[in-house]
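Visitor: This is a predicted model, with the sequence first.
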Amino acid sequence: MDNTLTISGLTRRFGKVVANDDISLRIRPGEVVGLLGHNGAGKTTLVSQLVGLLRPDAGSIHLGDIDAVAHPAAARRQVAVQSQSQAPIDGLTPRAAIEIACRLRGLSAAESKMTTKAIAEELNIEGYLDRRALPEGGGLSGGIRRLTSFAMAAAAPTPLLVLDEPTNDVDAGRRRFLWNAVRRRADEGAGVLLVTHNVTEAERIVDDLVILDRGKVVASGSPAQLRGTEDHDVRLELHLPFADADPLASETPAAGIPPVRSQARRGRHLILRLASEYAGQAVVWANALRATEQITGYGLAPTSLEDAYLAYTSATHNTYSSSEQGDVHV
Ligand SMILES: Nc1ncnc2c1ncn2[C@@H]1O[C@H](COP(=O)(O)OP(=O)(O)OP(=O)(O)O)[C@@H](O)[C@H]1O
């Protein structure tokens, strides 16, 4: 079967900045592919070219067999986008906004009403359907607005659904409804491109991930593949007394420093990846560091996708919070 989306050698420059640098990726029907990258990695530039808002300098984009660069209008009919900015729905109720989006996608009035009701139930926002969005964020919360934007993009089926940070402002309970709704669209045959910088959330839902760093694809594959072949690695997270403390340079601990596969810094946290056979030595070392007040605490856990992401990208420009699930913190 044809890919839903095939991007090949996509390159887009802004002056000296190469925002997209020879990017290739593909999404098959039924797949959710996460596009991960820090601020400025080039995610929005890619989506803008996908929907014909920007022209590539080089490379190709195909939606099914439609050449999206040569035929942007035809391509746009194949794709629905939930953009990162909130949909302009002030003055409308979510019901009206979603119904209008359905009509624009060619559904009849009766189908639009039915579809709107169904997706509102799916997202657990029925209670807000008739509440009017007011200017300056009034009337509806950011989370309900975000879910309304999602519903506007996802209500009528399209071969490709592009979601740009869809869970911003959405509370934890409704996030689950949203992820289930995304998964269902894929199970019904859509390809989904999920643009995000939240690695932990992406891991729960995506089939494959593409990691962008400064415009280039630095890694791609399933979360399991990206987590590494070193599946038996552990992560030692050291909590530092100040941001540039360097416990790896310390000679005090008797146990010696365990061999470190990779390291990343995040504020006052130093995250080290080690082979699991060194876990015991790592704990003795970390205890010694703590006893001598070179660290304020530590956590030892299996490696996560986030660790892999930090290793693939330049850790210094990642500032999101980590998942602490499963960690043992001391
Ligand atoms: N219209 C533009 N003019 C000049 N430079 C631009 C323009 N759009 C993007 N850039 C630059 O291209 C690079 C990629 O930007 P892009 O917005 O695609 O990143 P992003 O991954 O979407 O970031 P974010 O997560 O912050 O939305 C950045 O260096 C950005 O400053």
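Guide: Noted; the coordinates are in hand.
Visitor: Show me what from this protein comes close to the ligand.
Guide: When proximity is defined as Cβ under 6 Å from any ligand atom, the chain approaches the ligand at Phe14, Val17, Ala19, Gly37, Asn39, Gly40, Ala41, Gly42, Lys43, Thr44, Thr45, His197. Glycine gets a C-beta too; all of them are placed from N, C-alpha and C.
Visitor: Just the buried subset of those residues, written out for ChimeraX, thanks.
Guide: Selection of buried members from those for ChimeraX, criterion 16 or more other Cβ atoms under 10 Å:
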select :19,37,41,42,43,44,45,197
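Visitor: And the residues of the chain next to the ligand, which two are furthest apart?
Guide: Greatest spatial distance among the residues of the chain next to the ligand (Cβ to Cβ): Phe14 and His197, at 20.1 Å.
Visitor: So which of the residues of the chain next to the ligand sit within helices?
Guide: Among these, DSSP state H puts Lys43, Thr44, Thr45 in helices.
Visitor: Which residue ranges of the stretch 51-200 of the chain form helices?
Guide: Taking DSSP state H, counting those that start in this stretch, the helices of the stretch 51-200 of the chain run over residues 72-76, 94-104, 109-123, 142-154, 172-187, 199-205.
Visitor: what separates the fifth one from the chain centre, distance-wise?
Guide: To tie it back to what came earlier, the one meant is helix 172-187. Its chain's C-alpha centre and that of helix 172-187 lie 14 Å apart, by Cα atoms, centre = their mean, to the nearest Å.
Visitor: any idea how far the residue nearest to Ile98 when sequence neighbours are not counted is from the ligand?
Guide: The spatially closest residue to Ile98, leaving aside those adjacent along the chain, is Thr116, at 4.3 Å (Cβ to Cβ, 6 or more residues apart in numbering). As judged by Cβ to the nearest ligand atom, to the nearest Å, Thr116 and the ligand stand 29 Å apart.
Visitor: Is it correct that Thr116 is in contact with Ala97?
Guide: No - with contact defined as Cβ atoms under 8 Å, Thr116 does not count as touching Ala97 (9.0 Å).
Visitor: Find residues that contact each of those two.
Guide: Here Thr116 and Ala97 share no contacting residue, scored by Cβ atoms under 8 Å, 6 or more residues apart in numbering.
Visitor: Local confidence estimate at the residue lying closest to Leu305 once chain neighbours are set aside?
Guide: Excluding the flanking residues, the one nearest Leu305 by Cβ to Cβ, 6+ apart is Glu203, at 4.6 Å. pLDDT, Glu203: 81.
Visitor: With Arg12 instead?
Guide: 97.
Visitor: What is the neighbour count of it?
Guide: 22 (other Cβ atoms under 10 Å).
Visitor: wait, is it part of a strand?
Guide: Yes - assessed by DSSP: H, G, I helix; E, B strand; the rest coil, Arg12 belongs to a strand.
Visitor: quick one: it and Leu50, what's the gap?
Guide: Shown here: Arg12 relative to Leu50, a distance of 11 Å by Cβ to Cβ, to the nearest Å.
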